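Enquirer: Next comes the sequence, and after it the predicted model I'd like to discuss.
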Amino acid sequence: MNAIQILSSGQWVERLGWTLVHFLWQGASIAVLYAAARRAAARTSSPNARYLLACAALAAMTAAPLATWGLMRPSDASPDAAYRVRSAPPASATGVAATTAATLPASVRATMSSVQPAQFLPWVVMAWLAGAVVFWVRLAGGWVAAARMRSVLVRPAPPEWQEILGRLGARIGVSRPVRLLVSALAQAPAVVGWLRPVVLVPVGALGGLPAEQLEALLLHELAHIRRHDYLVNILQSIAEALLFYHPAVWWVSGHIRAERELCCDDVAVSASGDALTYARALAQLESYRPAHLTAAVAASGGSLSGRIARLLGQPRPPAHTGPGPGVFAAAILLVAAAYGLFGQSGAHPAFQVASIKQNNSNWSDPTEHPMGVGYQPGGRLTATNASLMLLVQFAYAAHDDPRSGHSLPLMASQVAGGPAWIKTERYDIEAKPEGDTDPKHTWLMLETLLADRFKLRLHRETRELPGYDLTAVKSGPKLPAAQEAGCISFAPGTPPRHVPGKVDCGYVSGPFLGAWAGELHMKGRKVHMADLIRELASVLDRQVLDKTGFTGEFDLDLSFTPDAALMGFPSFGGPGGAGVPADPNLPNIFTALEEQLGLKLVPAKGPVEVLVIDHAERPAAN
């Protein structure tokens, strides 16, 4: 099983996938609001006010996906969740990995707008996980490097400078003890650690810089400690690692780092009282650095030349008070992508008029009072004496046959859960679309009707259920060869009927009553083994897997008597119905298959994909 299959089987994947997709527009919206607020206060606000505004924007961006995750219950994980069928991991079972699961019909799984989580979500989650791992490794590497800097190639600073550091800290309100270390790795003064902070200074700084300039630089680093910037930077880096795919996050985060340096510059100047000395210290320290390295003090954010100009009273016009063209372009692309992703779900078609009435006739014999759900030409749908269980079986069945008149409902065993009344209470339904429509959209409209009127919510999971393997007897199958016949197809909604000289081919009909009581028939012309398999699965209400190896066409005329094995047809002997009396002179379906077709049903177990009803309500009166 590959990674996509594993992710597709998890309930959390759809929830996380839509959380990540929703953040596309959420992050862009927060960035637009932040840009407007920043531009409005650009001339009057202080660096600290802009810093707090940027922190609030990043905090909102971090909180948005957390809130989305919390608000999205598994059944509400995607747009139009009322019309979807959620995924659940397969139930644990011995030997499942080696067995092919019987899945829901292709039409159910293909029409994702009404059935399962969107196919792209596992890819979204996998791409995000891969990117997050890369950024977490990068973040962990930074922590390791920081820990190494405070313990490798360092020595305590001279006592007089440790004393000066303590005095400077007291001047700006730093109450915690802070160690001063001389580092051979540091290129500029830097703070490492939050609970037990240390200030690192380059080897040549103590002797190479005038005392007043070095004190101004130390005040800058102590300001970082007083403001708990090391902790804020860690949280900021975590947000970047989790939301790395959104450019607005990096844009806001860049502002935080730039404004943070300006805030500490202001503290250093205020405490030292000499902006010129501090500006000279920044410029002098930069001149000591190797040419291939970037500005040390500015490495954590901000433009060094811009900071020096600001300190000297010659501030340059802010280059980026709002999102640049690149960010706006990225935001447009993200909004377009989000629209495209949400558009995957599409609009769910609905009937223009739908009448649902409870059938209170107390019909006990379905053979006398038949039940059914059918598509009529033009898109009209009718249901007679149908339980909600039967409606679900038809709504989510395979309707791939273009004729549609021969499509079979889901097996009853493929629908589980729900209150008891979904099997006992019967309804008559008449529904009409706005105009003519095809069968595919009619069944989608039935799904919408069930979600709206019955408040139906479902999810999909895999369970280990009993079934059968259809095999050939030892002497081999004895399937009647397909005879040439003029075949005819009927329009959707048109019941098959006899046309002189023509045969309705390619499907298995039945079981239906024979000439006398106790006899059932299944017939078909020019059918394939898959057609017989579908009918057997429907009759037995069990998964049936083809192990015959037969790939040709054959004609079918199977005669048998009903018994309790016909789980899918209570009216023909299965449980829950009056049943048709068995004829002891006729074989049951198992014996008939062996004697008449040379085929054998062998009991087996295997994973079967089922729809589980999480919630259903009786429909309100029209």
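Expert: Everything's here; your move.
Enquirer: Help me confirm that Glu261 comes into contact with Arg307.
Expert: Yes - Glu261 is within contact range of Arg307, at 6.6 Å (criterion: Cβ atoms under 8 Å). Heads up, the C-betas are built off the backbone N, CA and C, glycines and all.
Enquirer: list the buried ones in stretch 14-31?
Expert: 14-31 (16 or more other Cβ atoms under 10 Å).
Enquirer: Inside helices: which ones of these?
Expert: Assigned to helices by DSSP state H, the following of the buried residues of stretch 14-31 qualify: 14-31.
Enquirer: The helix or strand Gly524 falls within pairs with which strands, parallel or anti?
Expert: Per DSSP states H and E: Gly524 is located in strand 520-527. Strand 520-527 has its sheet partners listed here by DSSP bridges as strand 509-513 (antiparallel), strand 554-560 (antiparallel).
Enquirer: what about it, distance to the chain center?
Expert: 43 Å (Cα atoms, centre = their mean, to the nearest Å).
Enquirer: again, but for stretch 64-74
Expert: Worked out by Cα atoms, centre = their mean, stretch 64-74 lies 12 Å from the chain centre.
Enquirer: Going by neighbour count, list what's buried in it.
Expert: Judged by neighbour count (16+ other Cβ under 10 Å), stretch 64-74 contains these buried residues: Ala64, Pro65, Thr68, Trp69, Met72.
Enquirer: contacting residues around it?
Expert: 11, 14-16, 18-20, 22-23, 26-27, 30, 86, 242-243, 459 (Cβ atoms under 8 Å, 6 or more residues apart in numbering).
Enquirer: and the least confident of those?
Expert: Least confident entry in those, by pLDDT: Arg86, with 54.
Enquirer: I would like the residues contacting the strand holding Gly524, please.
Expert: For strand 520-527, using Cβ under 8 Å, 6+ apart, the contacting residues are 482-483, 485, 487, 503-514, 531-532, 535, 539, 553-562, 572, 580.
Enquirer: Can you turn the buried part of those into a PyMOL selection?
Expert: Here is the PyMOL command that selects the buried residues among the contacts of strand 520-527 (16+ other Cβ under 10 Å):
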select buried, resi 482+503+504+505+506+507+508+509+510+511+514+531+532+535+539+553+554+555+556+558+559+560+561+562+572+580
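Enquirer: Tell me, how many residues neighbour the closest residue to Trp421 other than its chain neighbours?
Expert: Nearest non-adjacent residue to Trp421, counting by Cβ to Cβ, 6 or more residues apart in numbering: Arg618, 7.0 Å away. Residues lying near Arg618 (other Cβ atoms under 10 Å) number 16.
Enquirer: Quick one: mean pLDDT for stretch 141-148?
Expert: For stretch 141-148, the per-residue pLDDT averages 86.
Enquirer: quick one: low-confidence parts of this structure?
Expert: Low-confidence segments of the chain, defined by pLDDT under 70: 1-11, 73-120, 285-303, 314-347, 362-370, 399-407, 489-497, 515, 569-580, 622.
Enquirer: Most remote residue from the middle of it, which is it?
Expert: Glu160 (60.6 Å; Cα atoms, centre = their mean).
Enquirer: related to what we said a few turns ago, please identify which pair of the contacts of stretch 64-74 lies farthest apart.
Expert: Based on Cβ to Cβ, the longest span within these runs between Ile30 and His459 and measures 32.2 Å.
Enquirer: Quick one: the helices in the stretch 201-350 of the chain, in order.
Expert: For the stretch 201-350 of the chain, applying DSSP state H, counting those that start in this stretch gives helices covering 205-208, 211-226, 229-242, 247-272, 275-288, 304-311, 325-342.
Enquirer: Count the neighbours of the nearest residue to Ile172 once chain neighbours are set aside for me.
Expert: Leaving aside its sequence neighbours, Ile172 sits nearest to Ala271 (Cβ to Cβ, 6+ apart; 5.1 Å). Ala271 is flanked by 19 other residues according to other Cβ under 10 Å.
Enquirer: Ala271 is in contact with Leu168, isn't it?
Expert: Yes - checked against Cβ under 8 Å, the pair Ala271 and Leu168 is within contact range at 7.3 Å.
Enquirer: what sits in contact with each of the two?
Expert: Counting by Cβ under 8 Å, 6+ apart, the residues touching both Ala271 and Leu168 are Leu219.
Enquirer: that older thread, just tell me which of the strands paired with strand 520-527 ends up closest to Pro607.
Expert: strand 509-513 (27.4 Å).
Enquirer: Let's see that closest one as PDB, backbone CA atoms only.
Expert: Taking Å, rounded to 0.1, in the frame of the first residue of the first chain, the C-alpha atoms of strand 509-513 are listed here in PDB:
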ATOM      1  CA  SER A 509     -32.300 -10.500 -15.100                       C
ATOM      2  CA  GLY A 510     -34.000 -12.000 -12.100                       C
ATOM      3  CA  PRO A 511     -34.600 -13.700  -9.900                       C
ATOM      4  CA  PHE A 512     -38.200 -13.900 -11.000                       C
ATOM      5  CA  LEU A 513     -40.900 -16.500 -10.400                       C
END
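Enquirer: Adjust the sequence numbering to begin at 100 for everything that follows.
Expert: Noted, 100 is the first residue going forward, which turns the last one into strand 608-612.
Enquirer: Just give me how far that strand sits from the chain centre.
Expert: 43 Å.
Enquirer: and what of stretch 238-253?
Expert: In terms of Cα atoms, centre = their mean, the centre of stretch 238-253 is set 38 Å apart from its chain centre.
Enquirer: For it, buried residues please.
Expert: Buried-residue list, stretch 238-253, by 16+ other Cβ under 10 Å: Ala245, Met248, Arg249, Val253.
Enquirer: Return the distance of the second one relative to Val290.
Expert: It stands for Met248. According to Cβ to Cβ, to the nearest Å, Met248 and Val290 sit 11 Å apart.
Enquirer: what's the overlap in contacts for these two?
Expert: Common neighbours of Met248 and Val290 (criterion: Cβ under 8 Å, 6+ apart): Leu299.
Enquirer: what helix or strand does Ala681 sit in?
Expert: Using DSSP H and E, no helix or strand contains Ala681.
Enquirer: Contact partners for it?
Expert: Contacts of Ala681 by Cβ under 8 Å, 6+ apart are Gly617, Thr660, Pro661, Asp662, Gly672, Asn687.
Enquirer: for Ala374, same thing?
Expert: Contacts of Ala374 (Cβ under 8 Å, 6+ apart): Val368, Leu410, Leu411, Gly412.
Enquirer: how about a cut-off of 6 Å?
Expert: Going by Cβ atoms under 6 Å, 6 or more residues apart in numbering, Ala374 touches Val368, Leu410.
Enquirer: Arg552 now?
Expert: Ile455, Pro718.
Enquirer: what ranges do the strands span in the stretch 550-699 of the chain?
Expert: For the stretch 550-699 of the chain, the strands defined by DSSP state E, counting those that start in this stretch occupy 556-571, 608-612, 619-626, 642-645, 653-659, 698-714.
Enquirer: Which among these is found nearest to Ala139?
Expert: Proximity to Ala139 (Cβ to Cβ) singles out strand 556-571 among the strands of the stretch 550-699 of the chain, at 45.3 Å.
Enquirer: Tell me which strands that closest one pairs with, and in which orientation.
Expert: By DSSP bridges, strand 556-571 pairs with strand 184-186 (parallel), strand 642-645 (parallel), strand 698-714 (antiparallel).
Enquirer: Counting neighbours, which bits of that strand end up buried?
Expert: Buried residues in strand 556-571, counting neighbours by 16+ other Cβ under 10 Å, are found at 556-564, 566-571.
Enquirer: How about stretch 638-647?
Expert: In stretch 638-647, counting by 16+ other Cβ under 10 Å, buried: Val638, Leu639, Asp640, Arg641, Gln642, Val643, Leu644, Asp645, Thr647.
Enquirer: Pop out the phi and psi values for the last one.
Expert: In other words, Thr647. phi -80, psi -30 (degrees, to the nearest 10).
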